[in-house]
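**Q** Curious how this folds, go ahead:
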Amino acid sequence: MPRKYPIEKIRNIGIIAHIDAGKTTVSERVLFYTGVSHKIGEVHTGDTVMDWMEQERERGITITSAATTAFWIPTYRKGDKNFEHCINLIDTPGHIDFTVEVKRSLRVLDGAVVVFDGVAGVEPQSETNWHYADEYNVPRLCFINKLDRLGASFEKSFASIHEQLTPNAVLIQLPIGAESNFSGLVDLIEKKAFESQGDHGERIVEIPIPSNLENSVETLRHHLIEKIVECDDVLMHAYLEGQEIKTEDLKRILRQATIENKIVPVLCGSALKNKGVQFVLDAVVDYLPSPLDMPPVKGIHPKTQEEITREPKDDVPFTALAFKIAADPYVGTLTYFRNYAGVLKRGSYILNSVKNEQERIGRIVRMHANQREEVEEVYAGEIAAIVGLKDTTTGDTLCVPDSAIVLEKIIFPEPVIGIRIEPKTKVDQEKMGLALRRLAEEDPTFRVSGDPETGETIISGMGELHLEIIVDRMKREFSVDANVGRPQVAYKETITAEAEAEGKYIRQSGGRGQYGHVWIKISPLERGQGFVFVDDIRGGDIPKEFIPAVEKGIKEAIDKGVVAHYPVVDVEVSLFDGSYHDVDSSEAAFKIAGSIAFQEAAKLAKPVILEPIMKTQVLTPEQFLGEVTGDLNSRRGKIEALSNRGTVKVIDCKVPLSEMFGYATQIRSMTQGRGSFTMEFDSYEPVPKNIEQLIIEGKRK
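**A** Numbering: from 1, shown residues only. Just a heads-up that it's a prediction; the model follows:
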């Protein structure tokens, strides 16, 4: 079957934002205007297409990213089918506990629409998502939403983008009116004004530019043209000579500059009031890249480690990245993938080059939120899902068996909070293991482990809401009832000095004995570096075949630190000496020797406990500011900035996670229910000595 859409007419985009900025409302309007749905779903009435999970509809938030495919002809082309584009859209969550969904979506997308609340401007999660997009070099558009709300300010929101995120943000639209008087917008490139008419704003009507905006439009258009011509020598020359620059030339260079991340176009509107969303779709088509505009994907050969590049073409070997695993109650496991090169056909065989496993493709589906459409093949540049892959996990590369390649994996943040969980009945016990395994396969930031001292099961995640949703899903999707303990902080340990130590394991008990002997040196690494093992053995003091066993023993010891048995991080271990016995030495003996050596060295290297520090933003009316800041100080918080947002005070601070349990109730009681807060993980920092002592004693109890 031939391609329905040429690759240059495909757009793979994500909608990203802070919680409550209106991402899902924008997505629902996109589905309505592109004809995917015939009725607009609303978050507040719980009937959205993109938020399809029961937990999402009950809470009015997005928990899992939903993908859909829509088709759009730009409004200025008036229904000309030759200009129809295929838009693969992913609506991502805004809550920090589900940040994994944003990160893995941005890894495979070519562009993003970043939505901002017109009242709040840049918020903490908008900043985090922006940095993820920077990390993957994703071109962006900004959409300042909710301009109909009381207190909305387009100028302040734009200023916050300019100051906090990028100086490359440039206005390409200007709103007409504000708050309840917001009625339309001016396109600065076309120099035309528009308003939306009809029950759902489906008709775009050109109107005269209001006289009170004429000067602003001239000034801002002048600034926009200057920014665009700076990116092209020919246009710059023509502009300096006083020539009028054609609209199509401005759009062409603006597209090029957006793709190169030199300019970020800023649009405006109100999705809830059906204003401005069609222009966002036009801008996606006009300025965001097709797969052809992106550089060829790079990977390495799994055996030779040489770099390989794959062009986004149909006639090259199939290469894709699995970016999301989902358990579907009707079809089983769904593996979402981005096809970077080649064609995937139903019935063909593929290689998972990370696990070196071959699998046969049974069914391929195109997703529309939780609805599926069967397809026979998927071409380069498209996003789809495969049903029933057994061994594939998030971040694995899928390719043709005779042309292996491994693409760059996705690195996920570590969990910061854990709870103990136990099944209520014997029947639940059998089902709980399966449920936890399935949920952990879906979500790389969710971990399941056992406490070796108590034998209890501990589940860890990114926050209280994250774990609450996991427990809720176990109950609804897997019919598992469980008792849940109190949340506990995921502490870590590290060392602050260098140390050397010897590890000796010698056992003689008749017959063959055990002999392993090593010397190691350990050194602290920068925060976030993890664990590094260095083989410094010279001259065969320890045979090569025993060195992996030493590393394995050290890794086991690292999982159980020396201060309070928390995992040790950010440490380099160098194996530099040792000895062996011709007969008695074995892998097991060297593994134990490595473990002993690490524990001895760690005790000498001034070990400390690390705790997760949360970047926190608290909103409070001014009259409660003193009480709220006093309370944050008592929680060992460090206040970094105070600012105003309308009549509300905004406190930016960093607070240890251990001090923030139950804070939602506390902030409400201190501010008569008018205060709120958001927090996200920032870094791990050493715990003060007095607190460290309490943690050690609590662990012993």
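**Q** show me where pLDDT drops low in the stretch 251-400 of the chain?
**A** In the predicted model of the stretch 251-400 of the chain, residues 329, 369-370 satisfy pLDDT under 70.
**Q** now the helices for it?
**A** Per DSSP state H, counting those that start in this stretch, the stretch 251-400 of the chain carries helices over the ranges 277-287.
**Q** again, but for the stretch 551-700 of the chain
**A** Under DSSP H, counting those that start in this stretch, the stretch 551-700 of the chain gives helices at 587-604, 625-634, 663-670, 689-700.
**Q** what angle separates the shortest one from helix 625-634?
**A** Spelled out, that is helix 663-670. 150 degrees (axes from the mean of the first three to the mean of the last three Cα atoms, to 10 degrees).
**Q** Mind checking the pLDDT average for helix 663-670?
**A** On average, the pLDDT along helix 663-670 is 84.
**Q** Please identify the deepest-packed of the helices of the stretch 551-700 of the chain.
**A** helix 587-604 (a mean of 23; mean count of other Cβ atoms under 10 Å). From N, CA and C alone the C-beta is placed, and that goes for glycine too.
**Q** For that helix, what does the pLDDT average out to?
**A** Averaging pLDDT along helix 587-604 yields 93.
**Q** need the helices of the stretch 551-700 of the chain in CSV with distance to Gly111, can you?
**A** Output for the helices of the stretch 551-700 of the chain, formatted as CSV (distance: least, Cβ to Cβ, whole Å):
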stretch, distance to Gly111
helix 587-604, 47
helix 625-634, 38
helix 663-670, 35
helix 689-700, 45
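**Q** which one of those lies closest to Lys298?
**A** helix 587-604 (35.8 Å; Cβ to Cβ).
**Q** by contact count, what packs against that closest one?
**A** Under the contact criterion of 3 or more Cβ pairs under 8 Å, 6 or more residues apart in numbering; DSSP states H and E, helix 587-604 touches strand 499-507, strand 514-524, helix 547-558, strand 571-579.
**Q** could you redo the last one with a cut-off of 10 Å?
**A** strand 492-495, strand 499-507, strand 514-524, helix 547-558, strand 571-579 (3 or more Cβ pairs under 10 Å, 6 or more residues apart in numbering; DSSP states H and E).
**Q** show me what contacts the closest residue to Asp232 other than its chain neighbours?
**A** Spatially, and ignoring its direct neighbours in sequence, Asp232 is nearest to Ile253 (4.7 Å; Cβ to Cβ, 6 or more residues apart in numbering). By Cβ atoms under 10 Å, 6 or more residues apart in numbering, Ile253 lies in contact with 227-232, 234-236, 245, 262-263.
**Q** give me the number of residues near Leu468?
**A** Careful, residue 468 is Glu; it's not Leu. Counted with other Cβ atoms under 10 Å, residues neighbouring Glu468 total 17.
**Q** May I ask which helix or strand encompasses it?
**A** For Glu468, the element it lies in under DSSP states H and E is helix 464-478.
**Q** about what we covered before: lowest-confidence member of the contacts of Ile253, which is it?
**A** Among these, Ile245 carries the lowest pLDDT, at 86.
**Q** Could you pull up the contacting residues of that residue?
**A** Contacts of Ile245 (Cβ under 10 Å, 6+ apart): 225, 228-229, 232, 235-236, 238-239, 253.
**Q** Next, find the distance separating it from Gly485.
**A** Ile245 sits 65 Å away from Gly485, going by Cβ to Cβ, to the nearest Å.
**Q** repeat for Arg252
**A** When Arg252 is compared with Gly485 (using Cβ to Cβ), they lie 60 Å apart.
**Q** And Ala17, by the same measure?
**A** Ala17 is 33 Å from Gly485, by Cβ to Cβ.
**Q** Neighbour count for those two, which is higher?
**A** Ala17 (29 against 13).
**Q** so which helix or strand takes in the residue most central in space within the chain?
**A** Note on the chain: the residue nearest the mean C-alpha position is Lys103, at 2.1 Å, using Cα atoms, centre = their mean. For Lys103, the host element (DSSP H and E) is helix 99-108.
**Q** What's the first helix or strand after that helix?
**A** Per DSSP H and E, the first helix or strand lying C-terminal to helix 99-108 is strand 111-117.
**Q** now that next one: how far from the chain's centre is it?
**A** 14 Å (Cα atoms, centre = their mean, to the nearest Å).
**Q** What of stretch 614-625?
**A** How far stretch 614-625 lies from its chain's middle: 26 Å, per Cα atoms, centre = their mean.
**Q** Flag every buried residue along it.
**A** Neighbour-count burial for stretch 614-625, counted by 16 or more other Cβ atoms under 10 Å, picks out 614-620, 624-625.
**Q** now it: mean pLDDT?
**A** Computed over stretch 614-625, the mean pLDDT rounds to 89.
**Q** cool, stretch 91-110 as well?
**A** On average, stretch 91-110 scores 75.
**Q** okay, how far is it across that stretch, tip to tip?
**A** 14 Å (Cα to Cα, to the nearest Å).
**Q** follow-up on the earlier one: helices or strands up against the helix holding Lys103?
**A** strand 10-17, strand 85-91, strand 111-117, helix 124-135, strand 319-328, strand 332-341.
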